[in-house]
Each structure stands twice: as C-alpha cells, then as structure tokens.
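*Asks:* below is the sequence, then the predicted model.
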Amino acid sequence: MAKNSVAGLLTSVDDLFSTQESRDEAKLERVINLSPGEISDFPNHPFKVRMDEEMQQMAESVKEHGVLVPALVREKPGGGYEMVAGHRRKRAAELAELPEIPCIVRNLTDDEAIIVMVDSNLQREKILPSEKAFAYKMRLDAMKRQGQRTDLTSVPLAQKLTSRAELGKVVGESQDQVRRYIRLTYLLPEILDMVDDGKIALRPAVELSYLAEKEQHFLLDTMFSEDCTPSHAQAIKMRKFSQEGKLNPDVILSIMQEEKPNQKEQIKIPKERISRYFAPGTPAQKIEDTIIKALELYRKRQRSMER
C-alpha cells in the first residue's frame, strides 16, 4: 500500500474515533493564564498604550487586585499568542510584575480579529484622532475583504449604502466624519501628532492630507520656523495651489503669514519650564486653567499686601 494511502487511512481512523464533541470543543474559546511575555502585540495596533497617570493608577490596581477582566487573545500559527483586546491590561500587569494574566483564547481569522480589536478599543473614553484614523481604516478594509460592502450598482443611487456609512453606524459617526478621520492617515506623523495635541483642528488637517509628502515637509518646516499652524481657510488655499502644481515653500510661507480673522496674540511658555509642576499626561487645558487660577491668587495676595 502506498504511503499516502496509509496516511489517509490513519487520518480517517482518527476521525472515526474522535467524537464530534471533541472536535467542536477544540474550536471553543477557553480561559487560561498566560505570561505577558507569551503574548505579542496586535500587528499595527492603532491604539497607543500611554504611560500616563491613568496607566500608573491601573498598574497599582492590578498589583493589588490582579487583572479582573481577562484579555482576549488568539493562537499564532507558529506558536504563542497574539493580543486582540487587552494591551493596556498587559502593560499594567508588566508594570505590576505579575507573572500571569487571565486570557480568553478565541479562534479568530485576521479580519475577525481586526474588527474585534477596533470595536473593543472604541469603548474607551479618550481616543486620539490618529487612533480613530488608523482604526477606522483597518476596520473598513476588513469589512471590504469580508464582502460586507453594500454599495452595489444594482440598487438605485438614493438607496446605496457605502461601507463608510455602514462603519459609521457601528462607531456612531457619519460617513463623512469616517472619511475625514481616514484621510488623516495620509498625513506625516509629525503633522498628525499636532492634530493629536490639538494644535491643528480636524477640518484643516483633512485639507492638508491632500498635499504631497514633499509639500507636507515644506509646510512642517514653515510651521516650525514661523511657530504657527494653518487655519481651515489657509489649508484649503494650500490644497488648491497643490492641485494646480504651484505649491512651493515660498507660497506656503506667504499663506502662513496671512493674518487670520480670529488671530489673537498668545504668550507661550516652554513645556520644560512648567512640566515639573504637573503630573505626566495632564491635558493642556487643565494646565492653562491651573496657571490662570494661580495668577488670580497671586494678584489677590498682591492687592492685600498693598492695603
């Protein structure tokens, strides 16, 4: 008997003596304890694990009570596990020096894992524009690969529902807003950081995303040298010049030097001069409010001393 025939016979015998229950059980999810070192991060994970005050508090809680909600992982074909949902819990466990964390092991395809990963992270209270941008793009691409598109040509135009609209329903955004966020993935990382920091608003950022990479570098140099960021109107103007093939450093400088209608003189303090007075990760608005309150108290004290 040929070797292949023998192998086929043995396989069929194994199938014969294994029950359907045992085969189904192998596909079911289960909860096990894993060392954080056994779990690799999700590829191109769009959500940042920030070492801020919230993470420090989470690490302290994990050190005292352990990880109460299991992370979600899937097995990797070559061995080991891949994190799907629970990157922050894993990092907190590492900071707390826990040897193991509880994990749900679930059998997921690549696209299923992307969708679960994005949806679980979108439940967080604070999500940066860059996180939404790459998360929405990853989920939209996964939806398209799964054949979930509904913008078919066989239905009237008024009834068409695009994949962006379908994604918008899931994440609670309009399809235009989904499109705007995904456009941010075309920005240089340095410019996208400014969007995350609130230095550039979403609408002008979307317009800037249509600039070529070289043009964005020109703009970045100008923003640093002039210490300013473009308004929506200025961004629209730059996009128009770019489309006409006329956007160069001189044009960008000319546009950026235009006075904005709502431009106000600002006093800027280097971050390193005040960072020691605030906990890491303190929002800029909270820092500003605290400084204003301190100045008000100082003025009141000065007046009382003058009396």
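*Replies:* Structure received.
*Asks:* can you pull out the strands in the stretch 51-200 of the chain?
*Replies:* 71-75, 81-85, 101-105 (DSSP state E, counting those that start in this stretch).
*Asks:* what pairs with the second one, and is each one parallel or antiparallel?
*Replies:* Meaning strand 81-85. strand 39-40 (parallel), strand 71-75 (antiparallel) (DSSP bridges).
*Asks:* and the last one, by the same measure?
*Replies:* Sheet neighbours of strand 101-105, with direction, are listed as strand 30-34 (antiparallel), strand 71-75 (parallel) (DSSP bridges).
*Asks:* before we move on, the earlier item: with distance to residue 285, mean neighbour count and mean pLDDT as new columns, can the strands of the stretch 51-200 of the chain be given to me in CSV?
*Replies:* To be clear about C-beta, it is placed using only N, CA and C from the backbone, and glycine gets the same treatment. Compiled in CSV, those are given as follows (distance: least, Cβ to Cβ, whole Å; neighbours: other Cβ atoms under 10 Å; pLDDT from 0 to 100):
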stretch, distance to residue 285, mean neighbour count, mean pLDDT
strand 71-75, 32, 21, 96
strand 81-85, 30, 21, 96
strand 101-105, 34, 21, 96
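*Asks:* identify whichever of those lies nearest to residue 188.
*Replies:* Among the strands of the stretch 51-200 of the chain, the nearest to residue 188 by Cβ to Cβ is strand 81-85 (28.1 Å).
*Asks:* could I get the closest one in CSV with only the CA atoms?
*Replies:* Extracted in CSV, the C-alpha atoms of strand 81-85 (Å, rounded to 0.1, in the frame of the first residue of the first chain):
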residue,chain,number,x,y,z
TYR,A,81,-0.4,34.1,21.4
GLU,A,82,-1.4,37.4,19.9
MET,A,83,-3.2,40.1,21.8
VAL,A,84,-6.6,41.1,20.4
ALA,A,85,-8.0,43.2,23.2
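*Asks:* if we can go back for a sec, for the strands of the stretch 51-200 of the chain, which one sits closest to residue 206?
*Replies:* Taking the strands of the stretch 51-200 of the chain one by one with Cβ to Cβ, strand 81-85 is closest: 29.0 Å.
*Asks:* isn't residue 242 right next to residue 213, touching?
*Replies:* No: with contact defined as Cβ atoms under 8 Å, residue 242 does not count as touching residue 213 (11.3 Å).
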